[in-house]
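Undergrad: Just need the structure, nothing else, for what follows:
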Amino acid sequence: MSLYKVPLIKKNEYDSIIKNNFISRIAFTGEYPYIAPFLYVFQDNHLYFLSTKYGKKIKRLEKNPRVAVEIEEYNNDLSNYQFVTLQGHIIEEESPEKRKEVRQLFASLIESQGLSRNILAALGHSPEDPLDCLVQKECSYVWKLVNVQSIIGIKKAE
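TA: Numbers count the residues shown, from 1 in each chain. Predicted coordinates:
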């Protein structure tokens, strides 16, 4: 029996995975890695995330903005799967106009995907808040993935 290597995916395949999904995991550095799930939106060749303004992730980013972001697609029985990992830096979006635009994208995502309003708590808002509150109030950071050094994707064997 020989070692079998899982096939890598091509750029058009990982682009499709990134564009067609909205849940990721971000690995932060530190004494031990810290991994947390994040909703994301993809626009202008950037991944954007909303983050609460508290927690381990904030302290980790202050010390080191380098992260790994993982996005996946798979069947429940794993008969088909694809994973993409991007390594880069997380920065806070500086432009107030862009922050508002990204918040609107998140509100539209929540509505179009029929996501539970409970997700608002992970974005710095009360689940009882109106969805427009996500756009109008800055209760969360708007982060952007930049300086992507590596994109690696794998998929099931053909």
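
Undergrad: contacts, neighbours, all on C-alpha from now
TA: Fine.

Undergrad: bridging residues for Val146?
TA: With DSSP bridges as the criterion, Val146 is bridged to His89.

Undergrad: what's the distance between it and Leu47?
TA: Counting by CA to CA, to the nearest Å, the gap from Val146 to Leu47 is 8 Å.

Undergrad: ditto for Glu111
TA: From Glu111 to Leu47 the distance is 19 Å (CA to CA).

Undergrad: between those two, who's got more neighbours?
TA: Leu47 (19 against 13; other CA atoms under 10 Å).

Undergrad: can you pull the buried residues of the helix or strand in which that one is found?
TA: For Leu47, the element it lies in under DSSP states H and E is strand 46-52. Neighbour-count burial for strand 46-52 flags 47-52 (criterion: 16 or more other CA atoms under 10 Å).

Undergrad: mind exporting the lengthiest helix in the chain as CSV, just the C-alpha atoms?
TA: Secondary structure of the chain read by DSSP state H shows that its longest helix is helix 96-112. What follows is the C-alpha trace of helix 96-112 in CSV, where atoms were taken according to Å, rounded to 0.1, in the frame of the first residue of the first chain:
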residue,chain,number,x,y,z
PRO,A,96,-16.5,54.5,7.3
GLU,A,97,-18.2,54.2,3.9
LYS,A,98,-16.8,50.8,3.2
ARG,A,99,-17.6,49.6,6.8
LYS,A,100,-21.2,50.6,6.2
GLU,A,101,-21.3,49.0,2.8
VAL,A,102,-19.9,45.7,4.3
ARG,A,103,-22.4,45.8,7.2
GLN,A,104,-25.1,46.1,4.6
LEU,A,105,-23.7,43.0,2.8
PHE,A,106,-23.9,41.1,6.1
ALA,A,107,-27.5,42.2,6.7
SER,A,108,-28.4,41.1,3.2
LEU,A,109,-26.6,37.8,3.7
ILE,A,110,-28.5,37.1,6.9
GLU,A,111,-31.8,37.9,5.2
SER,A,112,-31.1,36.0,1.9
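
Undergrad: Show me what secondary structure element comes after that helix.
TA: Sequence order places helix 119-122 as the next helix or strand after helix 96-112, per DSSP H and E.

Undergrad: what about dumping the CA coordinates of that next one to PDB?
TA: Extracted C-alpha coordinates of helix 119-122, given in PDB (Å, rounded to 0.1, in the frame of the first residue of the first chain):
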ATOM      1  CA  ILE A 119     -26.400  35.100  14.800                       C
ATOM      2  CA  LEU A 120     -26.600  38.800  15.600                       C
ATOM      3  CA  ALA A 121     -25.200  38.100  19.100                       C
ATOM      4  CA  ALA A 122     -22.000  36.800  17.400                       C
END
